[in-house]
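> next comes the sequence, and after it the predicted model I'd like to discuss.
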Amino acid sequence: MATTEGRVQFHTRVAVNALKRVERGLAAGPAQAEAHRAALARLGVADEAAFAAAIRSGELDDRRSEVVAVLRETVRAKLEVSNPGYLPPAAGLPPDS
């Protein structure tokens, strides 16, 4: 990086960040996907579309804390891959409100 400047340095940084994201996705992806499938199964839904439909229909209204927990886990998993720097420590998550 020290030997580049301007546009070349910018594009190099973009490429490095993209490669890091791919690397994190390959490393974490299978475990994250399995954890997400298990979380959806605990809620009794087969996939993302069924989860969204169950939320929209009110079917999961009586399980709000479980739904919020799954949504938080999902967002955290996505951030672990896309940009872990945006994540607060796990203990620092605000309580369910």
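Ah, there it is. What you see is a predicted model, and the numbers here were worked out from it, not measured in a lab.

> what about the helices in this structure?
Remark: helices assigned in the chain by DSSP state H are 6-43, 48-57, 64-82.

> make TSV out of those and add distance to residue 88.
The C-beta positions use only the backbone N, C-alpha and C, and glycine is treated the same way. Listed next are these as TSV, based on distance: least, C-beta to C-beta, whole Å:
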stretch	distance to residue 88
helix 6-43	18
helix 48-57	24
helix 64-82	9
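
> could you dump these to a markdown table with mean neighbour count and mean pLDDT?
A markdown table is the format used below for the helices of the chain (neighbours: other C-beta atoms under 10 Å; pLDDT from 0 to 100):
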| stretch | mean neighbour count | mean pLDDT |
| --- | --- | --- |
| helix 6-43 | 12 | 94 |
| helix 48-57 | 13 | 97 |
| helix 64-82 | 14 | 94 |
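
> so the residue nearest the centre of the chain versus residue 43, what's the distance?
Centroid-nearest residue in the chain: residue 78, 1.8 Å away (criterion: C-alpha atoms, centre = their mean). Applying C-beta to C-beta, to the nearest Å, the value for residue 78 to residue 43 is 18 Å.

> what sits against the nearest residue to residue 70 once chain neighbours are set aside?
What sits nearest to residue 70 in space, not counting adjacent residues and going by C-beta to C-beta, 6 or more residues apart in numbering, is residue 39, at 4.6 Å. For residue 39, the contacting residues are 69, 70, 73, 74, by C-beta atoms under 8 Å, 6 or more residues apart in numbering.

> 10 Å - rerun?
45, 51, 66, 67, 69, 70, 71, 73, 74, 77 (C-beta atoms under 10 Å, 6 or more residues apart in numbering).

> what's the answer for residue 71, then?
Applying C-beta under 10 Å, 6+ apart to residue 71 gives the contacts 39, 51, 55.

> need those residues in JSON lines with distance to residue 12, can you?
Below are the contacts of residue 71 laid out as JSON lines (distance: C-beta to C-beta, whole Å):
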{"residue": "39", "distance to residue 12": "38"}
{"residue": "51", "distance to residue 12": "39"}
{"residue": "55", "distance to residue 12": "42"}
